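S.K.: I need the structure of the sequence given here:
(chains A and B)
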Amino acid sequence: MTEIISNSEKIIKKLKKDGKIESLNKTKDLDAIIEMNSEMENVRREYQVKDRNSQVSASQVILTA
Amino acid sequence: MHITITLTSKANLKKTILNNLFIIHKLDTPTVERLYNERIHQHFDQIADTAYFVIETPYVDKVYRDSYYNYYSSKNHNYNRNSIRISIFSGVISASDFRDLGKRKELQEKFMGFVVLRPTEPFLIGRSVIAPEILKSKNFDIITTNIKTTVNSLKLNVEGFPHSSQDSETISCAETTIWSLMEYFSNRYSEYKSVLPSTIINTLNKVSSERQIPSKGLNIQQISYTLREFGLGTKIYSKVDFKDAFYNLLSCYIESGIPLVVAMEGKNIGHSLLCIGNEPPTNAQIDNLGVKVFKNVGLALKYKLKRIKLYDYNDLDEKYVFIDDNHPAYQTNSLNSPSDNYIARIPNWPKCELTYFIVPLYTKVYLEAYEAQNFIYRFLVTDPFTIKNNSEIVIKIFLTSSRSFKNWLATNNTFTRIIKDLIIETSMPKFIWVSEIGNKLLTKNRQANGIIILDATEANTQFNKPLILAAYEGKYISFAADSAELKKFDLTLGNYNIYHNNLKSFK
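M.R.: Numbers count the residues shown, from 1 in each chain, chains lettered A, B, ... in the order given. Just a heads-up that it's a prediction; the model follows:
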């Protein structure tokens, strides 16, 4: 006997039927994503500087004690 | 040569160790006594008084033998190549137990680890693993591994974290830290190999313009390079550059169950040690946890306009657990005053601070903690997930393997069934970032009612790419299985018991 477990499919089907699924592809959704993209781009730049500086200064610290 | 095996209670331990040290080192009694008082006694003082000990002399220790053959044997002074091993048991045992098959299970249950004494006076404490269960004080959650050994010819296992003191010639604090870390990784994961002092020295010899022994210590970059050569994807974080986020990131990695190499600096002091866990926060510490202050003006404004108070669990001011080669295993100190245990012993020891840490990540964790947490901070106040105005939330961010996470979830009866099924049937990478969302009351009860899961292999943070799913306040958001489109489901996640698999508790 074969038993296939795919509860997700059943759950999603039911949620669809009940109108409880919404696609997040409207203009306001995309605007929010674009805004977050820009913020994360700044975070990336900020992180790269911190990461590089940490590496460079790490070569100057000798641990002996 | 015969092996002498002595069984003794804690009351007679000092006398037995002194006798054995005298045989191995051929030192006079006052010197042996002084060495014991200055270098050994504190390692056994922290062990419960009910403990019982098995002392084996001579003992062949693989780490010391490596140092002996590669260095000490080439000296004019005659160093003994043998060591002494002291195995620890939680209660009284007898010599006959080791030859009785019926007693094997009881011996295993009582076995609490071992400490090797090597003939490198005054730095006598060698390879050791002590199970935290046998300590007098053990209110902490730490990273551990299972280590196989033998006692009186019987194979036994111990769960703890590897520790050793430096011998100051073949291994300084830096090499000891590397050895201890690789001993942990190799015993925990099959991807890594344990290393001996000569392996560390040879690895560094390839890139060093000077000889490596006698050791003069290593710089942080050399430690990171060596760990990378041993198969780890290291990242370096400095306090000067990461500023306010430094301790938070350190806490985040500890909550992820990753041991960290930590650099401690003070006047004329540069010391390396391992951070392996923390003390569980008290209710008072959770109550005193301050609102997250964002330095980024745009982000701070978003939280202000929505009147949302965010508390970050990784900002908690609890004590941390360290493996320090100058002290017995499992020292606890706060991150702000890491040298307190030095100052208690040596009053003129300078006040030190933690200045760097190296995180030995799995090589394919491409999304590191700083970017992951910044993604989460922003995701919480950005549509379509944005949380309700006037909310007060506590978030706890950590990295874990999807295998461990799903294993925990599968048997967590407090997790909402429908969301549990959706998460378990979601394809995930080997490592994921998890942010549990709750409030202070739920945190005190070790519960949460929201969750965000990120793909730790996705370094591209554009278009919500790292997001696997998020559930909070009646919303469940994830990418549709058949397209790159985000979908929002009306599903409510109830209170659930939080994930606690990365660290092991020893109350």
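S.K.: Not including adjacent chain positions, what is the nearest residue to the closest residue to chain B within chain A?
M.R.: At 3.0 Å from chain B, A:T64 is the closest residue in chain A, using Cβ to the nearest Cβ. From N, CA and C alone the C-beta is placed, and that goes for glycine too. With Cβ to Cβ, 6 or more residues apart in numbering or on different chains as the criterion, A:T64 has its nearest non-adjacent residue at 3.0 Å, and that residue is B:G217.
S.K.: mind giving me the domain ranges of chain B?
M.R.: B:1-160, B:365-506 (automatic domain parsing).
S.K.: Tabulate those in JSON lines, adding columns for mean neighbour count and distance to B:Q212.
M.R.: Rendered in JSON lines, the data for the domains of chain B read as follows (neighbours: other Cβ atoms under 10 Å in any protein chain shown; distance: least, Cβ to Cβ, whole Å):
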{"stretch": "domain B:1-160", "mean neighbour count": "17", "distance to B:Q212": "10"}
{"stretch": "domain B:365-506", "mean neighbour count": "19", "distance to B:Q212": "30"}
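S.K.: Which stretches in the stretch 101-250 of chain B count as strands?
M.R.: Ranges of strands within the stretch 101-250 of chain B are B:111-117, B:125-130, B:141-142, B:145-151, B:154-160, B:218-219, B:233-238, based on DSSP state E, counting those that start in this stretch.
S.K.: Go through these and name the closest to B:I477.
M.R.: strand B:233-238 (29.0 Å; Cβ to Cβ).
S.K.: picking up where we left off before, surely the residue nearest to A:T64 and A:L63 touch.
M.R.: Yes - with contact defined as Cβ atoms under 8 Å, B:G217 counts as touching A:L63 (5.2 Å).
S.K.: Report the set of residues contacting both of the two.
M.R.: Counting by Cβ atoms under 8 Å, 6 or more residues apart in numbering or on different chains, the residues touching both B:G217 and A:L63 are B:S172, B:C173, B:A174, B:G270.
S.K.: Neighbour-wise, give me the winner out of these.
M.R.: B:A174 (31 neighbours; other Cβ atoms under 10 Å in any protein chain shown).
S.K.: Quick check: the nearest residue to that residue once chain neighbours are set aside vs B:V54, distance?
M.R.: Leaving out its chain neighbours, the residue that sits closest to B:A174 by Cβ to Cβ, 6+ apart is B:L218, at 3.7 Å. Plainly put, B:L218 is 36 Å away from B:V54 if you go by Cβ to Cβ, to the nearest Å.
S.K.: residues in contact with the strand or helix carrying B:V32?
M.R.: Assigned by DSSP states H and E, B:V32 belongs to helix B:29-35. Contact with helix B:29-35 is made by B:L18, B:L21, B:F22, B:H25, B:L27, B:E121, B:P122, B:L124, as judged by Cβ under 8 Å, 6+ apart.
S.K.: Beyond that helix, next helix or strand please.
M.R.: Counting by DSSP H and E, what follows helix B:29-35 is helix B:41-45.
S.K.: Beyond that following helix, next helix or strand please.
M.R.: strand B:52-59.
S.K.: Between the two ends of stretch B:432-448, how far is it?
M.R.: Its start and end residues considered, stretch B:432-448 measures 18 Å (Cα to Cα, to the nearest Å).
S.K.: what's the spacing between it and its chain's center?
M.R.: In terms of Cα atoms, centre = their mean, to the nearest Å, the centre of stretch B:432-448 is found 22 Å from the chain centre.
S.K.: tell me the mean pLDDT for that stretch?
M.R.: Stretch B:432-448 shows a mean pLDDT of 98.
S.K.: How about residues contacting it?
M.R.: B:283, B:286-287, B:289, B:311, B:313, B:367, B:372, B:376, B:380, B:392-402, B:405, B:414, B:449-456, B:466, B:468, B:472, B:495-500.
S.K.: Filter these down to the ones in strands?
M.R.: Those of these mapping onto strands are B:311, B:392-401, B:450-455, B:468, B:472, B:496-497, per DSSP state E.
S.K.: what pLDDT does the nearest residue to B:G494 once chain neighbours are set aside get?
M.R.: Excluding its sequence neighbours, the residue lying closest to B:G494 (Cβ to Cβ, 6+ apart) is B:T416, at 5.1 Å. According to the prediction, B:T416 has pLDDT 94.
S.K.: before we move on, back to that, can you tell which of the domains of chain B is closest to A:M1?
M.R.: Short answer: domain B:365-506, nearest of the domains of chain B by Cβ to Cβ, at 21.1 Å.
S.K.: and the end-to-end length of that closest one?
M.R.: From its first residue to its last, domain B:365-506 covers 29 Å (Cα to Cα).
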